[in-house]
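# Sequence plus predicted model, see below.
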Amino acid sequence: MSKEKQDKTPTNTSDQANDPEQEFDEAAELAEDISAGSEETPVQIKGNLPMPKPENQPSARDGLSQYLQEINRFPTLAPEEELELARRVRENNDQQAAFRLVTSHLRLVVKIAMEFQKKWMKNVLELIQEGNVGLMKAVQKFNPERGIKFSYYAAFWVKAYILKFIMDNWRMVKIGTTQSQRKLFYNLSKERQRLENLGFSPDETTLSQNLDVSKEEIVEMSQRMGQHDLSLDLPFSEDSATTRLDMLPALDASVEDQLAQQEISHSLKKHVQEVLPQLNEKERDILENRLLAETPVTLREIGDKYDITRERVRQIESRLLNKLKEHLSQSVQDFSQDWIRHE
């Protein structure tokens, strides 16, 4: 993370946490930075997190209970001990001190993951796993001299990694690819719940005003979050071989449009030949080797050939196009300027 982004971490010296909505927004901003790829430095903390013994592997049903039993073996730290361990990590890259900081805050990760379980509605162990990664990143980034508790600082990293995981795995197809979509994803459910708790109806107009987005964006994101993935290769029914993909309209031009385009192209080429005697050498060269060629030459190549600048070639080309349009408008009935387009 850049120095500017790191400085955005709260520097509140009191033990009292900030407003929960502000914390969520800051964690969401951090998650956006991680999603954008600004956190590419690998976590370098060594040591294993608690794992069940091989002979006592838990089933999926009691995996969380087994994990909670395992992490309860690790004691909490006194504030002075926590500060000393953090200094050892920062100054000496002490891996044993980092391991103790991580394991002593595993219960914090579980607490935060359980809060997000209502949003994720799937295996909470997945959220705990991602939160543990955020916890290790917090240990790596934490500056003990800034006067804030490690648990307060680490909570932002844990929330950020959990948010990113939910965003990436909410659907098979990502529902948010731009920064504005990710921000709306993070805040839409929270704002809707806040309005309901206050006794208001969270309609699209109110949500769009409070979140400073358009009603169309609210509707689109609500539809994305409320719908399930659907395979286009899935048949409509068990006794039918027709898939949803078969019912999608073709993106290619229709046969009628293709024939009309061919006719227009043939007519244009015929009338362009009538203009050739009126063109000078440079204009004819540009027409044949740039405007009509399948692999057009560049302005630089033509300029080098006649020892003129690219801008001069562009001017000649523009003048040539005007000549063509003028001639065709007089020769071709219902001529359209859109028939001649050149980028």
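Arrived safely.
# residues making contact with the helix or strand harbouring residue 207?
Element membership of residue 207 [criterion: DSSP states H and E] is helix 204-211. Contacts to helix 204-211, defined as Cβ atoms under 8 Å, 6 or more residues apart in numbering, come from residues 184, 187-188, 191-192, 195, 200, 214-215, 217-219, 222. Every C-beta, even on glycine, is put in place using the N, C-alpha and C of the backbone.
# Also stretch 306-323?
When contacts are defined by Cβ under 8 Å, 6+ apart, stretch 306-323 is touched by residues 275, 278-279, 282-283, 286-287, 290-291, 299-300, 302-303, 340, 342.
# rerun that using 7 Å as the cut-off
Under the criterion Cβ atoms under 7 Å, 6 or more residues apart in numbering, residues 275, 282, 283, 286, 287, 290, 299, 300, 302, 303, 340, 342 lie in contact with stretch 306-323.
# of all those residues, which comes closest to residue 167?
Using Cβ to Cβ, residue 342 comes nearest to residue 167 of the contacts of stretch 306-323, at 42.8 Å.
# Kindly state the domain boundaries assigned to this structure.
When the chain is parsed into structural domains using automatic domain parsing, the resulting residue ranges are 3-53+61-169, 171-227, 266-339.
# circling back to that earlier point, restricted to buried residues, select the contacts of stretch 306-323 in ChimeraX.
With 16 or more other Cβ atoms under 10 Å as the burial test, the buried ones among the contacts of stretch 306-323 are selected in ChimeraX as follows:
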select :275,282,283,286,287,290,299,302,303
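# Local confidence estimate at residue 19?
For residue 19, the model assigns a pLDDT of 54.
# And for residue 122?
With respect to pLDDT, residue 122 scores 71.
# Assign it to helix, strand or coil.
Reducing the assignment to helix, strand or coil with DSSP: H, G, I helix; E, B strand; the rest coil, the entry for residue 122 is coil.
# For it, give its distance to residue 163.
Relative to residue 163, residue 122 is positioned 15 Å away (criterion: Cβ to Cβ, to the nearest Å).
# More neighbours: those two, which one.
residue 163 (27 against 12; other Cβ atoms under 10 Å).
# ok, now how distant is that one from residue 187?
Plainly put, residue 163 is 11 Å away from residue 187 if you go by Cβ to Cβ.
# ditto for residue 320
Counting by Cβ to Cβ, the separation of residue 320 from residue 187 is 54 Å.
# Could you pick out the buried ones from the contacts of helix 204-211?
Buried residues within the contacts of helix 204-211, counting neighbours by 16+ other Cβ under 10 Å: 184, 187, 188, 191, 192, 195, 217, 218, 222.
# Quick check: the fifth one touching residue 201?
Which is residue 192. No - with contact defined as Cβ atoms under 7 Å, residue 192 and residue 201 do not form a contacting pair (10.0 Å).
# Just the mean pLDDT for stretch 302-314, thanks.
Averaged across stretch 302-314, the pLDDT comes to 90.
# What residues sit buried inside it?
Neighbour-count burial for stretch 302-314, with 16+ other Cβ under 10 Å as criterion, is recorded at 302, 303, 313.
# Sort out for me which of the residues you listed are in helices.
Mapping the buried residues of stretch 302-314 onto helices (DSSP state H) picks out 302, 303, 313.
# Look up how far residue 138 lies from residue 159.
Going from residue 159 to residue 138 by Cβ to Cβ gives 11 Å.
# again but with residue 310, I slipped
The value you get for residue 310 to residue 138, if Cβ to Cβ is used, is 54 Å.
# With residue 99 instead?
Here the criterion is Cβ to Cβ. By it, residue 99 lies 14 Å from residue 138.
# tell me the contacts of residue 154?
Taking Cβ under 7 Å, 6+ apart as the contact definition, residue 154 lies against 105, 108, 135, 138.
# By neighbour count, which of the residues you listed wins?
Most neighbours among these, by other Cβ under 10 Å: residue 135, with 29 neighbours.
# And the closest residue to residue 235 other than its chain neighbours, what's its pLDDT?
The spatially closest residue to residue 235, leaving aside those adjacent along the chain, is residue 243, at 5.6 Å (Cβ to Cβ, 6 or more residues apart in numbering). Note on residue 243: pLDDT of 75.
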